[in-house]
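> Next comes the sequence, and after it the predicted model I'd like to discuss.
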Amino acid sequence: MKNSYTKPNLDTKYFDDLFNSLPSMENKTVAITGTTSGLGFYAAESVAKLGAKVLLLNRPSTRAESSLNLLRQNCANGNFHRVDCDLQSFDSVKTAFPKIYEICSDGLDVLCNNAGVMALKDKATIDGFDVQMQTNHLSHFLLTKLCMPLLEKASQLRDEARIVNHSSIARFQTKRLKEKFLEKKGGNLGGDGGNLMFGGGRWERYAQTKLANAAFTACLHEKLQKNNSKIRAMVAHPGLAESDLQSTTVEDGGMGSFFTKYLMKFGQSEKDGTLGLLRCIADPKINSGSMVGPGLKGMKGKAKSFSLESFYDNPEVKSMLWAKSCEAIGESFEIYVI
(Lines give C-alpha, C1' and ligand atoms only; values in the text may rest on other atoms or scores of the structure.)
Protein backbone atom coordinates (compact mmCIF):
# COMPACT_ATOMS: atom_id res chain seq x y z
CA MET A 1 0.00 0.00 0.00
CA LYS A 2 1.30 3.45 -0.88
CA ASN A 3 2.66 5.49 2.02
CA SER A 4 0.37 8.54 1.88
CA TYR A 5 0.05 11.60 4.08
CA THR A 6 -2.28 14.59 4.15
CA LYS A 7 -1.21 17.80 5.86
CA PRO A 8 -3.21 18.68 8.97
CA ASN A 9 -5.19 21.90 9.13
CA LEU A 10 -3.49 23.52 12.13
CA ASP A 11 -4.73 26.82 13.53
CA THR A 12 -2.68 29.95 12.85
CA LYS A 13 -2.19 31.90 16.08
CA TYR A 14 0.56 34.49 15.72
CA PHE A 15 1.04 35.33 12.06
CA ASP A 16 -1.34 38.28 11.71
CA ASP A 17 0.04 40.12 14.74
CA LEU A 18 3.60 39.85 13.45
CA PHE A 19 2.72 40.76 9.88
CA ASN A 20 0.85 43.87 11.02
CA SER A 21 3.87 44.97 13.06
CA LEU A 22 6.32 44.90 10.15
CA PRO A 23 7.34 48.09 8.31
CA SER A 24 6.77 48.81 4.64
CA MET A 25 9.22 47.27 2.19
CA GLU A 26 8.47 49.74 -0.60
CA ASN A 27 11.45 50.25 -2.93
CA LYS A 28 13.13 47.07 -1.69
CA THR A 29 13.92 43.90 -3.61
CA VAL A 30 13.78 40.44 -2.05
CA ALA A 31 14.92 37.15 -3.64
CA ILE A 32 13.56 33.94 -2.10
CA THR A 33 14.38 30.35 -3.08
CA GLY A 34 11.72 27.67 -2.82
CA THR A 35 8.44 29.58 -3.04
CA THR A 36 6.14 27.03 -4.69
CA SER A 37 4.50 26.10 -1.37
CA GLY A 38 4.76 26.26 2.39
CA LEU A 39 6.91 28.74 4.25
CA GLY A 40 8.57 30.14 1.14
CA PHE A 41 5.21 30.80 -0.48
CA TYR A 42 3.89 32.69 2.55
CA ALA A 43 7.13 34.62 2.91
CA ALA A 44 6.92 35.72 -0.74
CA GLU A 45 3.26 36.64 -0.41
CA SER A 46 3.91 38.62 2.78
CA VAL A 47 6.84 40.71 1.56
CA ALA A 48 4.95 41.46 -1.66
CA LYS A 49 2.04 42.76 0.42
CA LEU A 50 4.55 44.90 2.31
CA GLY A 51 5.50 46.48 -1.03
CA ALA A 52 8.70 44.68 -2.02
CA LYS A 53 9.67 43.51 -5.49
CA VAL A 54 9.99 39.73 -5.13
CA LEU A 55 12.14 37.32 -7.12
CA LEU A 56 10.86 33.73 -6.97
CA LEU A 57 13.73 31.28 -7.47
CA ASN A 58 12.44 27.78 -8.22
CA ARG A 59 13.32 24.96 -10.55
CA PRO A 60 11.15 25.02 -13.70
CA SER A 61 7.91 23.10 -13.13
CA THR A 62 4.16 23.32 -13.38
CA ARG A 63 4.16 23.88 -9.60
CA ALA A 64 6.33 26.96 -10.03
CA GLU A 65 3.94 28.35 -12.64
CA SER A 66 0.84 27.52 -10.60
CA SER A 67 2.24 29.07 -7.42
CA LEU A 68 3.17 32.24 -9.30
CA ASN A 69 -0.39 32.50 -10.60
CA LEU A 70 -1.75 32.02 -7.09
CA LEU A 71 0.56 34.68 -5.69
CA ARG A 72 -0.59 37.12 -8.34
CA GLN A 73 -4.18 36.23 -7.53
CA ASN A 74 -3.61 36.80 -3.79
CA CYS A 75 -1.58 40.00 -4.32
CA ALA A 76 -3.21 41.99 -7.08
CA ASN A 77 -0.52 44.68 -6.85
CA GLY A 78 2.35 42.28 -6.22
CA ASN A 79 5.57 42.76 -8.16
CA PHE A 80 6.73 39.19 -8.79
CA HIS A 81 9.52 37.93 -11.03
CA ARG A 82 10.00 34.25 -11.80
CA VAL A 83 13.60 33.08 -12.03
CA ASP A 84 14.32 29.48 -13.03
CA CYS A 85 16.92 28.09 -10.63
CA ASP A 86 17.45 24.41 -9.88
CA LEU A 87 19.50 24.12 -6.69
CA GLN A 88 20.52 20.56 -7.59
CA SER A 89 22.75 21.98 -10.34
CA PHE A 90 25.53 24.54 -9.94
CA ASP A 91 25.22 25.37 -13.65
CA SER A 92 21.55 26.20 -13.15
CA VAL A 93 22.39 28.59 -10.31
CA LYS A 94 25.01 30.28 -12.47
CA THR A 95 22.60 30.49 -15.41
CA ALA A 96 19.97 32.12 -13.18
CA PHE A 97 22.26 34.91 -12.04
CA PRO A 98 22.19 37.13 -15.18
CA LYS A 99 18.41 37.39 -14.84
CA ILE A 100 18.75 38.19 -11.12
CA TYR A 101 21.30 40.87 -12.02
CA GLU A 102 19.00 42.34 -14.66
CA ILE A 103 16.03 42.55 -12.29
CA CYS A 104 18.10 43.94 -9.41
CA SER A 105 19.48 47.00 -11.18
CA ASP A 106 19.10 48.96 -7.93
CA GLY A 107 20.63 46.26 -5.76
CA LEU A 108 19.25 43.31 -3.80
CA ASP A 109 18.02 44.13 -0.29
CA VAL A 110 17.36 40.59 0.94
CA LEU A 111 18.53 37.18 -0.23
CA CYS A 112 16.46 34.53 1.53
CA ASN A 113 18.01 31.07 1.16
CA ASN A 114 14.83 29.20 2.07
CA ALA A 115 14.52 26.18 -0.22
CA GLY A 116 15.19 22.76 1.19
CA VAL A 117 14.55 19.03 1.00
CA MET A 118 14.37 16.61 3.91
CA ALA A 119 15.46 13.01 4.57
CA LEU A 120 15.61 11.95 0.93
CA LYS A 121 17.28 8.83 -0.41
CA ASP A 122 21.07 8.63 -0.55
CA LYS A 123 21.68 9.91 -4.07
CA ALA A 124 23.99 12.28 -5.89
CA THR A 125 23.20 15.42 -7.83
CA ILE A 126 24.51 15.94 -11.36
CA ASP A 127 27.52 17.59 -9.67
CA GLY A 128 28.21 14.53 -7.50
CA PHE A 129 27.17 15.87 -4.10
CA ASP A 130 24.51 14.62 -1.73
CA VAL A 131 21.14 15.87 -3.00
CA GLN A 132 20.23 17.27 0.42
CA MET A 133 23.54 19.06 1.03
CA GLN A 134 23.66 20.63 -2.43
CA THR A 135 20.03 21.75 -2.35
CA ASN A 136 20.02 22.99 1.22
CA HIS A 137 23.50 24.50 1.53
CA LEU A 138 26.05 24.29 -1.28
CA SER A 139 23.95 25.89 -4.02
CA HIS A 140 22.86 28.59 -1.58
CA PHE A 141 26.54 29.20 -0.81
CA LEU A 142 27.16 29.70 -4.54
CA LEU A 143 24.07 31.86 -4.96
CA THR A 144 25.12 34.06 -2.04
CA LYS A 145 28.58 34.51 -3.53
CA LEU A 146 27.10 35.55 -6.88
CA CYS A 147 24.63 37.96 -5.27
CA MET A 148 27.11 39.62 -2.91
CA PRO A 149 27.80 42.67 -5.16
CA LEU A 150 24.04 43.26 -5.47
CA LEU A 151 23.62 43.02 -1.70
CA GLU A 152 26.49 45.44 -1.15
CA LYS A 153 24.97 47.87 -3.64
CA ALA A 154 21.64 47.84 -1.81
CA SER A 155 23.38 48.27 1.55
CA GLN A 156 25.19 51.34 0.27
CA LEU A 157 22.06 52.86 -1.26
CA ARG A 158 19.63 52.05 1.55
CA ASP A 159 21.94 51.59 4.54
CA GLU A 160 21.50 47.83 4.97
CA ALA A 161 20.89 44.51 3.24
CA ARG A 162 20.28 41.02 4.57
CA ILE A 163 21.20 37.39 3.95
CA VAL A 164 18.68 35.04 5.54
CA ASN A 165 19.38 31.33 5.87
CA HIS A 166 16.93 28.67 7.00
CA SER A 167 17.98 26.06 9.55
CA SER A 168 15.97 23.67 11.71
CA ILE A 169 15.88 22.11 15.16
CA ALA A 170 17.37 19.12 13.30
CA ARG A 171 20.74 20.86 13.70
CA PHE A 172 20.78 19.41 17.23
CA GLN A 173 20.63 15.87 15.88
CA THR A 174 24.31 16.10 14.98
CA LYS A 175 26.69 18.10 17.13
CA ARG A 176 29.62 18.01 14.69
CA LEU A 177 29.76 19.07 11.07
CA LYS A 178 31.63 16.41 9.08
CA GLU A 179 33.71 17.07 5.98
CA LYS A 180 32.53 14.02 4.06
CA PHE A 181 29.01 15.40 3.72
CA LEU A 182 30.42 18.42 1.86
CA GLU A 183 32.40 16.29 -0.58
CA LYS A 184 31.57 14.53 -3.87
CA LYS A 185 30.28 11.43 -2.13
CA GLY A 186 26.60 11.65 -3.00
CA GLY A 187 24.99 8.22 -3.02
CA ASN A 188 27.59 6.87 -0.60
CA LEU A 189 26.70 8.64 2.64
CA GLY A 190 24.85 6.24 4.88
CA GLY A 191 22.17 4.68 2.73
CA ASP A 192 18.40 5.01 2.85
CA GLY A 193 17.72 3.87 6.39
CA GLY A 194 15.59 5.84 8.83
CA ASN A 195 13.60 5.24 11.99
CA LEU A 196 10.84 6.76 14.11
CA MET A 197 13.27 8.82 16.18
CA PHE A 198 14.90 10.51 13.15
CA GLY A 199 17.92 8.23 13.04
CA GLY A 200 19.64 6.53 10.11
CA GLY A 201 21.43 7.85 7.06
CA ARG A 202 18.58 9.93 5.67
CA TRP A 203 18.23 11.96 8.84
CA GLU A 204 21.95 12.29 9.52
CA ARG A 205 22.41 13.85 6.07
CA TYR A 206 19.50 16.22 6.68
CA ALA A 207 20.83 17.23 10.11
CA GLN A 208 24.23 17.94 8.57
CA THR A 209 22.62 20.33 6.07
CA LYS A 210 20.73 22.21 8.77
CA LEU A 211 23.90 22.51 10.84
CA ALA A 212 25.65 23.79 7.72
CA ASN A 213 22.95 26.46 7.28
CA ALA A 214 23.56 27.74 10.80
CA ALA A 215 27.35 27.57 10.49
CA PHE A 216 27.22 29.42 7.14
CA THR A 217 25.37 32.22 8.90
CA ALA A 218 28.08 32.35 11.58
CA CYS A 219 30.75 32.54 8.85
CA LEU A 220 28.97 35.33 7.01
CA HIS A 221 28.33 37.33 10.15
CA GLU A 222 32.00 37.20 11.16
CA LYS A 223 33.34 38.05 7.71
CA LEU A 224 30.84 40.86 7.09
CA GLN A 225 31.53 42.42 10.48
CA LYS A 226 35.30 42.31 9.92
CA ASN A 227 34.82 44.15 6.63
CA ASN A 228 32.49 46.75 8.19
CA SER A 229 29.77 45.73 5.78
CA LYS A 230 26.22 46.95 6.23
CA ILE A 231 24.93 43.51 5.23
CA ARG A 232 23.37 41.54 8.07
CA ALA A 233 23.46 37.73 8.19
CA MET A 234 20.84 35.86 10.19
CA VAL A 235 19.20 32.46 10.28
CA ALA A 236 15.64 31.36 10.98
CA HIS A 237 14.19 28.07 12.11
CA PRO A 238 10.47 27.23 11.85
CA GLY A 239 10.07 24.84 14.76
CA LEU A 240 7.82 21.95 13.84
CA ALA A 241 5.77 23.55 11.08
CA GLU A 242 3.44 21.86 8.63
CA SER A 243 4.69 22.09 5.06
CA ASP A 244 5.16 20.03 1.93
CA LEU A 245 8.47 18.80 3.34
CA GLN A 246 6.65 16.16 5.38
CA SER A 247 4.58 15.04 2.39
CA THR A 248 7.65 14.72 0.15
CA THR A 249 9.58 12.84 2.82
CA VAL A 250 6.72 10.41 3.41
CA GLU A 251 6.42 9.76 -0.34
CA ASP A 252 10.18 9.11 -0.52
CA GLY A 253 10.04 6.63 2.36
CA GLY A 254 11.81 8.77 4.95
CA MET A 255 8.85 8.96 7.35
CA GLY A 256 5.82 6.79 7.99
CA SER A 257 2.44 8.42 7.38
CA PHE A 258 0.93 7.30 10.71
CA PHE A 259 3.87 8.60 12.75
CA THR A 260 3.93 11.86 10.79
CA LYS A 261 0.22 12.47 11.39
CA TYR A 262 0.76 11.91 15.12
CA LEU A 263 3.89 14.08 15.28
CA MET A 264 2.33 17.05 13.50
CA LYS A 265 -0.35 17.32 16.19
CA PHE A 266 2.39 18.99 18.24
CA GLY A 267 3.38 21.40 15.46
CA GLN A 268 2.19 24.72 14.09
CA SER A 269 0.68 26.00 10.88
CA GLU A 270 2.64 26.95 7.78
CA LYS A 271 1.94 30.63 8.39
CA ASP A 272 3.18 30.49 11.99
CA GLY A 273 6.20 28.53 10.77
CA THR A 274 7.05 31.54 8.59
CA LEU A 275 7.45 33.91 11.55
CA GLY A 276 11.22 33.46 11.88
CA LEU A 277 11.81 34.03 8.17
CA LEU A 278 9.65 37.14 8.14
CA ARG A 279 11.37 38.66 11.15
CA CYS A 280 14.76 38.03 9.56
CA ILE A 281 13.62 39.51 6.24
CA ALA A 282 11.76 42.58 7.47
CA ASP A 283 12.03 43.24 11.23
CA PRO A 284 14.46 46.12 11.91
CA LYS A 285 15.06 44.80 15.43
CA ILE A 286 16.81 41.61 14.24
CA ASN A 287 20.59 42.01 14.40
CA SER A 288 23.23 40.29 12.32
CA GLY A 289 24.37 37.04 13.92
CA SER A 290 20.91 36.08 15.20
CA MET A 291 18.98 32.80 15.22
CA VAL A 292 15.24 33.51 15.06
CA GLY A 293 12.59 30.93 15.88
CA PRO A 294 10.20 29.64 18.57
CA GLY A 295 12.97 29.09 21.13
CA LEU A 296 16.32 27.56 20.26
CA LYS A 297 14.75 24.09 20.41
CA GLY A 298 11.10 25.14 20.36
CA MET A 299 8.55 23.44 18.14
CA LYS A 300 5.93 26.19 18.06
CA GLY A 301 5.18 29.69 19.23
CA LYS A 302 6.21 33.28 18.57
CA ALA A 303 9.56 33.77 16.85
CA LYS A 304 12.22 35.18 19.17
CA SER A 305 15.82 36.20 18.56
CA PHE A 306 18.77 34.31 20.06
CA SER A 307 22.55 34.31 19.73
CA LEU A 308 24.21 31.75 17.49
CA GLU A 309 25.34 28.60 19.29
CA SER A 310 28.94 27.70 20.07
CA PHE A 311 28.84 24.16 18.67
CA TYR A 312 28.98 25.63 15.15
CA ASP A 313 29.93 29.27 15.80
CA ASN A 314 33.58 28.50 16.48
CA PRO A 315 36.80 28.90 14.43
CA GLU A 316 37.28 25.21 13.62
CA VAL A 317 33.79 24.63 12.21
CA LYS A 318 33.61 27.93 10.37
CA SER A 319 37.01 27.48 8.74
CA MET A 320 36.21 23.95 7.61
CA LEU A 321 32.75 24.82 6.26
CA TRP A 322 34.00 27.78 4.25
CA ALA A 323 36.97 25.89 2.79
CA LYS A 324 34.94 22.79 1.85
CA SER A 325 32.10 24.88 0.38
CA CYS A 326 34.54 26.84 -1.80
CA GLU A 327 36.11 23.56 -2.87
CA ALA A 328 32.68 22.18 -3.76
CA ILE A 329 31.65 25.09 -5.98
CA GLY A 330 35.13 25.32 -7.47
CA GLU A 331 35.53 29.01 -6.65
CA SER A 332 36.86 31.21 -3.88
CA PHE A 333 34.40 33.42 -2.01
CA GLU A 334 35.95 36.67 -0.82
CA ILE A 335 33.89 39.29 0.99
CA TYR A 336 34.79 42.93 0.53
CA VAL A 337 32.99 46.24 0.75
CA ILE A 338 32.44 48.14 -2.48
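The structure has been received and is ready for your questions.
> which other helices and strands contact the longest helix along the chain?
For the chain, the helix reaching the highest residue count under DSSP state H is reported as helix 201-226. With contacts defined as 3 or more CB pairs under 8 Å, 6 or more residues apart in numbering; DSSP states H and E, helix 201-226 has these neighbours: helix 131-133, helix 139-158, strand 161-166, strand 231-236, helix 315-329. (Each C-beta comes from the backbone N, C-alpha and C, glycine too.)
> Could you give the separation of the third one from the chain centroid?
From the chain centre to the centre of strand 161-166 is a distance of 9 Å (CA atoms, centre = their mean, to the nearest Å).
> Could you do the second one as well?
The gap between where helix 139-158 is centred and where its chain is centred comes out at 16 Å by CA atoms, centre = their mean.
> what does the last one give?
In terms of CA atoms, centre = their mean, the gap separating the centre of helix 315-329 from the centre of its chain is 18 Å.
> contacts for it?
Residues outside helix 315-329 that contact it (CB atoms under 8 Å, 6 or more residues apart in numbering) are 90, 129, 137-138, 141-142, 145, 177, 179, 182-184, 212, 215-216, 218-219, 222, 311-312, 332-333.
> Need the helices and strands packed on helix 201-226 in TSV (columns: mean pLDDT, distance to residue 252 and mean neighbour count).
As requested, those are exported to TSV (pLDDT from 0 to 100; distance: least, CB to CB, whole Å; neighbours: other CB atoms under 10 Å):
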stretch	mean pLDDT	distance to residue 252	mean neighbour count
helix 131-133	98	10	25
helix 139-158	98	19	22
strand 161-166	98	20	27
strand 231-236	98	24	27
helix 315-329	98	24	17
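> wait, which of these is closest to residue 114?
Of all the helices and strands packed on helix 201-226, it is strand 161-166 that lies closest to residue 114, at 4.9 Å by CB to CB.
> what is the orientation angle of the closest one with helix 139-158?
If you take axes from the mean of the first three to the mean of the last three CA atoms, to 10 degrees, strand 161-166 sits at 150 degrees to helix 139-158.
> Quick check: neighbours of strand 161-166 in the sheet, parallel or antiparallel?
strand 110-113 (parallel), strand 231-236 (parallel) (DSSP bridges).
> Quick one: buried ones out of the contacts of helix 315-329?
90, 129, 137-138, 141-142, 145, 177, 182-183, 212, 215-216, 218-219, 222, 311-312, 333 (16 or more other CB atoms under 10 Å).
> Contact partners for the closest residue to residue 212 other than its chain neighbours?
Spatially, and ignoring its direct neighbours in sequence, residue 212 is nearest to residue 137 (4.2 Å; CB to CB, 6 or more residues apart in numbering). Neighbour list for residue 137: 182, 209, 212-213, 216, 325 [criterion: CB under 8 Å, 6+ apart].
> Redo those residues as CSV? Include distance to residue 171.
CSV is the format used below for those (distance: CB to CB, whole Å):
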residue, distance to residue 171
182, 15
209, 9
212, 9
213, 8
216, 12
325, 17
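> Closest one of the residues you listed to residue 111?
For those, the nearest to residue 111 is residue 216 (12.1 Å; CB to CB).
> Could you find the closest non-adjacent residue to the closest one?
In space, residue 216 is closest to residue 165, 5.9 Å off (CB to CB, 6+ apart).
> doesn't residue 213 make contact with that neighbour?
Yes: using CB atoms under 8 Å, residue 165 makes contact with residue 213 at a distance of 4.7 Å.
> and for the two, which residues touch both?
Counting by CB under 8 Å, 6+ apart, the contacts common to residue 165 and residue 213 are 113, 140, 235.
> would you list those in JSON lines and tack on distance to residue 66?
Formatted as JSON lines, the shared contacts of residue 165 and residue 213 follow (distance: CB to CB, whole Å):
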{"residue": "113", "distance to residue 66": "23"}
{"residue": "140", "distance to residue 66": "24"}
{"residue": "235", "distance to residue 66": "29"}
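> ok, so of those residues, who is nearest residue 125?
residue 140 (13.6 Å).
> which ones are touching the closest one?
Contacts of residue 140 by CB under 8 Å, 6+ apart are 33, 87, 113, 115, 165, 213, 216.
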